[in-house]
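>>> let me see the structure of the following:
(one chain, ligands or ions: 1)
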Amino acid sequence: MFAFPSGSSPPTELERDGNSVLVLPETEDVIYRVLILAYPARSHQLYSLSAADLDSACAVHEAAQKYQFTYAQNLLVEMLMDDTLVDAHPHRLFAIAQLQDLPSLGQKAALSTLKLPFCPPNLTFPEMGLLTADKMQKLYDFHRLCSDNASDIFRGACGPLEEHEIGVDSSLSVDDNDFTFVWWVPHSHDGRCGPESDFESGVVVPAKWFRDLMQPVIPKVRLLPTVTNVVSEIAAARVEPWSDCEMCSAEGRKDVERFAIRISRILANKNETSDISARELGILGF
Ligand SMILES: [Zn+2]
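Next up, the predicted model:
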């Protein structure tokens with residue numbers, strides 16, 4: 001027979017009706033939550049966790065593990081992995097993941113922190129005091145690295161490039177570039193439109209209208225280096241007309257949309273596989 005502890009007094013051995021009573025060190029609230037999660041008719045789809053529920057998340061997870069309520073433990077992790085919850089409290093979920101050794105949650109939370117500014121104001125939560133400064137610093141390092149990834153990708157895609165790197169065959173690409181985009185196509189433009197070559201330095205840059213279009217996007221994407229932000233900032237940067245050039249006017253919009261998808265995929269891949277990757281943060285902890 002189990003009994004909940006009363007107040008903060010230490011566990012003691014008791015007897016009731018001739019049977020031993022084991023006093024559990026966890027609070028009534030924690031045990032109640034474990035049992036609710038373990039009840040077979042329950043499903044995580046019937047629940048959503050609030051910020052207040054996170055206060056006991058570590059204790060409930062630890063209790064479920066201690067008493068071998070594996071199903072309840074897994075159910076809790078599924079609930080913690082909820083997209084809305086992670087996006088609302090990414091730093092706190094990251095801390096909980098580290099404290100409870102939950103790599104998948106750690107990775108998801110680390111990537112979600114990219115949707116917020118580098119140092120969000122008023123970043124305080126109970127688990128923060130349990131993490132060393134080094135652990136949180138790693139998370140900030142990850143954010144900075146992903147910002148650098150975004151800058152590098154955009155700067156690489158906007159040139160300048162060595163002339164010999166741009167192949168005659170338009171299917172060739174260098175790094176993150178795709179030379180089928182109209183701003184790289186070397187012919188059929190009107191007037192002064194088209195990629196520009198510097199004969200002295202031997203470098204080529206894409207059409208000016210494209211460079212102008214991307215210039216304000218780069219710092220914004222650096223601030224929030226996420227796939228969603230890349231797509232939305234490029235979409236917001238649209239200016240009509242694209243160019244006085246007939247070919248760029250006809251092809252520009254479609255190619256910029258293609259560019260946004262391509263760049264966001266490259267960024268997502270780099271963010272997940274960087275030296276300080278979200279995966280590493282999640283799996284290895286600190
Ligand atoms: Zn053109």
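>>> ranges for the helices of the protein?
28-38, 57-66, 70-80, 83-88, 90-100, 103-113, 133-157, 208-214, 217-223, 227-236, 246-273, 278-284 (DSSP state H).
>>> residues of the first one that come out buried?
Going by neighbour count (16 or more other Cβ atoms under 10 Å), the buried part of helix 28-38 is 30-31, 33-35, 37-38. Where C-beta positions appear, they are placed from N, C-alpha and C, glycine not excepted.
>>> dump those to JSON lines, plus distance to the ion.
Listed next are those as JSON lines, based on distance: Cβ to the ion, whole Å:
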{"residue": "30", "distance to the ion": "65"}
{"residue": "31", "distance to the ion": "69"}
{"residue": "33", "distance to the ion": "62"}
{"residue": "34", "distance to the ion": "65"}
{"residue": "35", "distance to the ion": "68"}
{"residue": "37", "distance to the ion": "60"}
{"residue": "38", "distance to the ion": "65"}
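>>> lowest-confidence one in those residues?
Of all the buried residues of helix 28-38, residue 38 carries the smallest pLDDT score, 74.
>>> quick one: that residue and residue 53, what's the gap?
Residue 38 is 16 Å from residue 53, where distance means Cβ to Cβ, to the nearest Å.
>>> again, but for residue 119
26 Å.
>>> the more surrounded of these two?
Remark: of residue 119 and residue 53, residue 53 carries more neighbours, 16 against 8, as counted by other Cβ atoms under 10 Å.
>>> so for the more buried one, what's the pLDDT?
Note for residue 53: predicted pLDDT of 89.
>>> and it, how far is that from residue 86?
14 Å.
>>> where does the stretch 51-200 of the chain dip in pLDDT?
Counting by pLDDT under 70, the ranges of the stretch 51-200 of the chain that qualify are 120-121, 162-177.
>>> is it correct that residue 258 is in contact with residue 181?
Yes. With contact defined as Cβ atoms under 8 Å, residue 258 reaches residue 181; the gap is 7.2 Å.
>>> more neighbours: these two, which one.
Each of residue 258 and residue 181 has its neighbours counted (other Cβ under 10 Å); residue 181 has more, 23 against 15.
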